[in-house]
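Novice: below: sequence and its predicted model.
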Protein chains: 2
Amino acid sequence: MKGNGRAMTLTTDTLSGLDSSPGGILNLVRSGASSSRAEIARIAGLAPSTVTTRVEQLVAHGFLREAGPGSSRGGRRPTQLEVNPETGAVVGVDLGAHHASFGLFDMAGELLAEQHLDMEIADGPDRILGWIAEVAARMVDEHAAPGQALRGVGLGLPGPVDYPGRRLVSPSRMPGWNGLDAGAGLGDLLGVPVVADNDANLMAVGEHASTNDGVAHLVFVKAGSSIGCGVIAWGSLFHGARGMAGDISHVAVPNAPAVVCSCGRTGCLDAVAGGAAIVASLRAAGVEAADVQQVIRLAADGHPLATQMLREAGTRTGVVLATIVNFFNPQRLVLGGALSGAEAFVAGVRSAVYTECLPMSTDFLEIAVSATKARGGVIGAARLVLDHVFDPATVNAALR
Amino acid sequence: MKGNGRAMTLTTDTLSGLDSSPGGILNLVRSGASSSRAEIARIAGLAPSTVTTRVEQLVAHGFLREAGPGSSRGGRRPTQLEVNPETGAVVGVDLGAHHASFGLFDMAGELLAEQHLDMEIADGPDRILGWIAEVAARMVDEHAAPGQALRGVGLGLPGPVDYPGRRLVSPSRMPGWNGLDAGAGLGDLLGVPVVADNDANLMAVGEHASTNDGVAHLVFVKAGSSIGCGVIAWGSLFHGARGMAGDISHVAVPNAPAVVCSCGRTGCLDAVAGGAAIVASLRAAGVEAADVQQVIRLAADGHPLATQMLREAGTRTGVVLATIVNFFNPQRLVLGGALSGAEAFVAGVRSAVYTECLPMSTDFLEIAVSATKARGGVIGAARLVLDHVFDPATVNAALR
DNA sequence: GTTACTTAATCCAAAATCGAATGAAATAAT
DNA sequence: ATTATTTCATTCGATTTTGGATTAAGTAAC
């Protein structure tokens, strides 16, 4: 899709996740870093004999399985190893204000089924969490193999989630959810671990996992009706001190109109560049526009005002991102969410970033549109809960 | 340990790969995380008997030594362990435009001697690096114990240093240094490893090492005649993809005068809030001010214009930092450099950050003035080169 | 002061991990 | 085809590492 022959920079900059325990070996295979016993031995720095023993254990307990011979590197062909997908399933859920996406994944992270349903987050946690539990259970019933029980759920929430407590912190547009540990609530209903996080964070994880190309530092911007952002540092989701990392919704945008924001201040990025703001502006100008998607269609059809406003929103977002690019120096900046489907928006971001940043910071920066489209959230959710289920300590304990 | 199959949240925040090799044990002691055999066993998850063996090795090779009994935790007193300081020395160097600070440290990181000398960085790398080598060698001769040979040098440079190449990238005010790997150059002269990095980065490391209180995510701002910034994430120096992380000098400041910057654009943070900019403005207003220190003295004596300008510089810096606080969500924001000695500047930063950020991001944020003062750079430089010299892989190899 | 409890460090048999040798299975050269 | 070379994975004796038992050295309560 995005196959440009760029020189790939192999940074040996990942914080040593060199865990040589059996659980660590499982995660080497999961990450795709090693797919044979010999490769595991090389990367983990273990003796080949030890790898044999440990892989035997992992296979015996159903975590791994052999997957036929791989290609030779000039000698005997390696026996490839892969995560055994059949020992369970996880569900990734991505909640919006009026909409929920569900994805059912096997233990190897492959998508088995997905579902997009309407929903009102304002109905409150009691009804919504119960409903999620029902949908998840039904998906497992209908699409998972008989032995594939639900092993966990990843839950994306359209509001700030703190860390490590994972409670919602003053989420606008989510009446009744403030202070709630939604993961724990859903976990109580389902009896399996639930990992909850902000939706933009999950999309960042999903993007990073999908394009598994060794990019260590990545910033993902979710520009939909509101604007969120998730940060990957050293290959892992970065939460900051209290889980608020990436929260750029309420950064003041220079030279922007003094639109009042939900936070009570004026000129916040969310209020001057979010999809909802664009729709409102267009309407105020007398243009019929029901939602963000329609604005994007208008622009695609060449509507001048819609195009201009999308570009302006992109520029405003880009101005904020320029500061972040200077500060964080990511290798890749990924644009996702509905607005990333509008060329004008993407062009606006690119223009502003390259105008406001020194070449030093942008020389090696890729600005890309998300490859995961609408699926990023559920992919990230599944990835996060799989990471939890396959946590080395847990796996080691399970091996007795 | 971890819970059972019930809903729960991930709590593994420190990505620090708990290295249980002998080299890893040495670094546990170095970091202050463990100071007795029993504590090492607890934290590294090793059997007490294994710790006994490995500590024995480390002591035999001179890396560690016993340091008498510690205080009881309700039972037998632990035998405390410490890094053997006598096996060598390192020098930390912090270069400015017209000034160089040197610190001689023992292997435990204790300061043995320091020196502050005038210098002109514009004399070029050939003369300056040779001079640094001489000064470093002389400090070892005069202040280190007979057996304490020089084992490495940390070098702070007043310009952008890329990563992992560690070359200077278009440094303003450093004619002749562009593209240079100054660490390698100095290393060739001295025959010991030299770790070079940007000066603000080193000050961040120094601050983090000095206040060794478990803060994982920290942003250090060096506000001197120019403005730089260093980032600590998960307890380690964060370079970003190309070493440019923290480079906020050329972020455009909203509503600032269109002062031309060295980068060719206008309104950069450096150009409207740096110490050099303040001095220039004061002079333009007819006030006698030779340098930043004098501006600070003027303000301390109640000079209204100097005070106002320092406060304004603080506000401008704070506006930029507000975006960074929102994005990065650090636990601590530390102000260093000459300007941090001015109350007006610090007040300006505080005011802007608290005005521009949502409570969510600042509730648990500390804004502090650097505790290391002028020594931060050399402390950080020493820390970085000691981390290199005591790299687990190196140490493990040396034990064979 | 005596007794009960807690923590620290070492000893030693049992379990694991390692490393060299070996067999297995491919490629490359003769 | 035959031989040499390379890589993958396992076997097996040697070496670490482990974990419980033991000794050492303290605190707390009575």
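Specialist: Received the coordinates, thanks.

Novice: show me where chain A has helices.
Specialist: All helices of chain A, identified by DSSP state H, fall at A:22-31, A:37-44, A:48-60, A:125-143, A:182-190, A:199-210, A:269-273, A:275-284, A:292-300, A:304-328, A:343-356, A:359-362, A:376-389, A:392-398.

Novice: list the buried residues for the shortest one?
Specialist: The neighbour-count criterion (16 or more other CB atoms under 10 Å in any protein chain shown) identifies A:360-362 as the buried residues of helix A:359-362. C-beta here means a position set from N, CA and C on the backbone, and glycine is covered the same way.

Novice: for the third one, same thing?
Specialist: Burial within helix A:48-60, assessed by neighbour count using 16+ other CB under 10 Å, is assigned to A:51, A:54-55, A:57-58.

Novice: how big is the angle separating that helix from helix A:22-31?
Specialist: Relative orientation of helix A:48-60 versus helix A:22-31 (axes from the mean of the first three to the mean of the last three CA atoms, to 10 degrees): 80 degrees.

Novice: wondering if helix A:48-60 reaches DNA strand C at all.
Specialist: Yes - using CB under 7 Å from any atom of the strand, helix A:48-60 comes into contact with DNA strand C via A:48-50, A:53-54.

Novice: same for DNA strand D: which of those are within range?
Specialist: A:48-49.

Novice: could you dump the residues of helix A:48-60 next to DNA strand C to TSV with pLDDT and distance to A:S281?
Specialist: Converted to TSV, the residues of helix A:48-60 next to DNA strand C look like this (pLDDT from 0 to 100; distance: CB to CB, whole Å):
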residue	pLDDT	distance to A:S281
A:P48	95	64
A:S49	95	67
A:T50	96	63
A:T53	96	65
A:R54	96	60
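
Novice: specify which member of the residues of helix A:48-60 next to DNA strand C is nearest to B:A145.
Specialist: Ranked by distance to B:A145 (CB to CB), the residues of helix A:48-60 next to DNA strand C are led by A:T50 at 43.6 Å.

Novice: ok, that closest one - contacts?
Specialist: A:A41 (CB atoms under 8 Å, 6 or more residues apart in numbering or on different chains).

Novice: DNA strand C contacts on chain A?
Specialist: Counting by CB under 7 Å from any atom of the strand, chain A sits next to DNA strand C at A:20, A:46-50, A:53-54, A:69, A:72, A:74-77.

Novice: show the backbone phi and psi for A:H98.
Specialist: phi -130, psi 10 (degrees, to the nearest 10).

Novice: how near is it to B:K222?
Specialist: Distance, A:H98 to B:K222, using CB to CB, to the nearest Å: 47 Å.

Novice: who has more neighbours, those two?
Specialist: Taking neighbours as other CB atoms under 10 Å in any protein chain shown, A:H98 and B:K222 compare with B:K222 leading, 29 against 14.

Novice: contact partners for the more buried one?
Specialist: B:K222 neighbours (CB under 8 Å, 6+ apart): B:199-200, B:203, B:228-230, B:336-337.

Novice: single out the residue in the stretch 101-250 of chain A that lies closest to DNA strand C.
Specialist: Nearest residue of the stretch 101-250 of chain A to DNA strand C: A:M107, at 23.3 Å (CB to the nearest atom of the strand).

Novice: for that residue, give me its contacts.
Specialist: Counting by CB under 8 Å, 6+ apart, A:M107 has contacts A:83-90, A:151, A:386, A:389.

Novice: per-residue pLDDT of it, please?
Specialist: Model confidence at A:M107, given as pLDDT, is 98.

Novice: could you dump the residues of helix A:48-60 next to DNA strand C into CSV with distance to B:G185 added?
Specialist: Listed next are these as CSV, based on distance: CB to CB, whole Å:
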residue, distance to B:G185
A:P48, 42
A:S49, 46
A:T50, 43
A:T53, 49
A:R54, 46
